[in-house]
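**Student:** Mind folding the following:
(one chain, ligands or ions: 3)
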Amino acid sequence: MALIVQKYGGTSVGTIDRIRNVARRLIELQNEENQVVAVISAMSGVTDKLIALAQQVMPNPPAREMDVILSTGEQQSIALLCMAITAEGYKAKSFTGAQAGVRTYGSHTRGRIENIEPKLVKSALSEGCIVVCAGFQGVDADGFIQTLGRGGSDLSAIAMAAAIKADLCQILTDVDGVYTCDPRVVPNARKIANLCYEEMLEMASSGSKVMQSRSVEFAKKFGVVFEVRNSMNNNPGTIVQEENHAMESLAVRGVSIERNQARVTLSGIDSSVAHSALILTALAQAEINVDMIVSNTAHDGIARQSFTMNMSDLGAAQATLKTILPKLGEKATMESEGGLAKLSVVGVGMRSYAGVAATMFQSLADAGIPTGMIATSEIRITTTVEAGDIEAAARAVHTAFSLDAV
Ligand code: ADP
Ligand code: ASP
Ligand code: MG
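**Tutor:** Ligands and ions are numbered 1, 2, ... in the order given. This next block holds a predicted model:
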């Protein structure tokens, strides 16, 4: 008998018919002599609707109350799924995050999982129930509800698999697995059979939202091997696990895109000031995440620094930086630009291949696509492009690295 955790995302439980489909799949799994724990997202669109509802009351609702309202989306879907399983004549029990023993810490709407105490989950399994847990939520040390950031049900599933020492953890979604690029953007993208945690992490954090990046970090830390696969068929998916030699045979394994990016550049900075510390501390205090950071070497005592961020943070970043501009020097000025996107190539093989950046930028040049800021890690190269160029850029780079399906 195996213990299996399966997570179903919003589209997979988006209608009553799809909830019935999930119920049948879970029952089949149990009939094959397995113990089954399902982790479920809210029906697709529900979380967005709850956010919109809250914002009708006030533009920036308190994060604590956002958690209270956001967690209701998953509470609906777990109850509906348990009803669908019961209607088929099988035993099921739903669990909110608190009931499943998910203890969180950190800020509201951005909670992190501290640990899971799955006592009630285990006893329901021993009673022969299919266990259905709400994803995306837990409770903090004071018993207050916290949600885990958008896409957070992936994290719930991986943490649950670690806590109950599941034999198998599967993330069921609306595509067959992790592709060489978002198949909605590059139609001839290919499904990747195996990825290592680092590659999945770099892809997820550079825009491939098929997995929430924090869930991948958690899987890496606790060695949870998982498979991403389709909830509408039984095709083999993508296994995400520790790195192995086969993964190094290709320099680039995936291409990610991220839209809605903005750039801010501070020029004329007096280089005798500890400007990086000043700028980045001010932004951190305003809870603004910056991503690509490029500093030019100072000439004649004058420095320049640029960084990218999400478009939604641009207004707050400009307001914050305006207040520290005088501290950066008399000649310091700020300039910014929205309407950007980021394009990344990822692969552990990049460590041992030369010329990956050359191929990437040559293919963009050949396609007539201008590039902007560049950032790299050991296994990723990222550039900004104009938002309107991002799809053509992704296709050009995908072809250049021979990733197209044949
Ligand atoms: P779920 O609701 O199941 O959590 P998501 O919408 O979060 O599903 O993730 C699945 C979507 O991720 C796909 O429909 C696809 O458009 C998008 N996606 C982005 N990048 C990739 C990629 N590299 N491979 C597969 N899907 C991707
Ligand atoms: N319902 C949440 C969201 O839409 C969590 C999830 O789907 O993973 O972000
Ligand atoms: Mg998701």
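**Student:** Low-confidence ranges, the stretch 301-406 of the chain, go.
**Tutor:** By pLDDT under 70, the stretch 301-406 of the chain has no low-scoring segment.
**Student:** what does it put close to ligand 1?
**Tutor:** Within reach of ligand 1 by C-beta under 6 Å from any ligand atom, the stretch 301-406 of the chain has no residues at all. Where C-beta positions appear, they are placed from N, C-alpha and C, glycine not excepted.
**Student:** Could you do the chain as well?
**Tutor:** So the chain meets ligand 1 at 9-12, 41, 151, 173-175, 178-179, 181-184, 208-210, 254 (C-beta under 6 Å from any ligand atom).
**Student:** Are any of those residues buried, and if so which?
**Tutor:** By neighbour count, with 16 or more other C-beta atoms under 10 Å, the residues of the chain next to ligand 1 hold 9-12, 41, 151, 173, 175, 178-179, 181-183, 208, 210, 254 as buried.
**Student:** For the residue of the chain found nearest ligand 1, list the residues it contacts.
**Tutor:** When scored by C-beta to the nearest ligand atom, the chain has residue 9 as its residue closest to ligand 1, at 1.8 Å. Residue 9 is in contact with 41, 44, 153, 171-174, 231, counting by C-beta atoms under 8 Å, 6 or more residues apart in numbering.
**Student:** Can you give me the pLDDT of it?
**Tutor:** Looking at residue 9, its pLDDT stands at 98.
**Student:** same question, residue 297
**Tutor:** Reported pLDDT for residue 297: 76.
**Student:** quick one: secondary structure of the closest residue to it other than its chain neighbours?
**Tutor:** Among residues not flanking residue 297 along the chain, residue 303 sits closest, at 7.7 Å (C-beta to C-beta, 6 or more residues apart in numbering). Here residue 303 is recorded as strand under DSSP: H, G, I helix; E, B strand; the rest coil.
**Student:** I'd assumed residue 296 was in contact with residue 303.
**Tutor:** Yes - between residue 303 and residue 296 there is a contact under C-beta atoms under 8 Å: 6.5 Å.
**Student:** what about the two, which has more around it?
**Tutor:** Applying other C-beta atoms under 10 Å to residue 303 and residue 296 shows that residue 303 carries more neighbours, namely 23 against 14.
**Student:** mind listing what the more buried one touches?
**Tutor:** For residue 303, the contact set (C-beta under 8 Å, 6+ apart) comprises 269-271, 275, 295-297.
**Student:** same thing but 10 Å
**Tutor:** Going by C-beta atoms under 10 Å, 6 or more residues apart in numbering, residue 303 touches 266-273, 275-276, 295-297, 328-329, 332.
**Student:** which stretches of the chain form helices?
**Tutor:** Assigned by DSSP state H, the helices in the chain fall at 16-31, 46-57, 63-87, 119-126, 153-163, 197-205, 213-222, 275-285, 314-324, 356-366, 390-400.
**Student:** Any idea which of those gets closest to residue 4?
**Tutor:** Distance to residue 4, taken as C-beta to C-beta, is lowest for helix 16-31 among the helices of the chain, at 6.1 Å.
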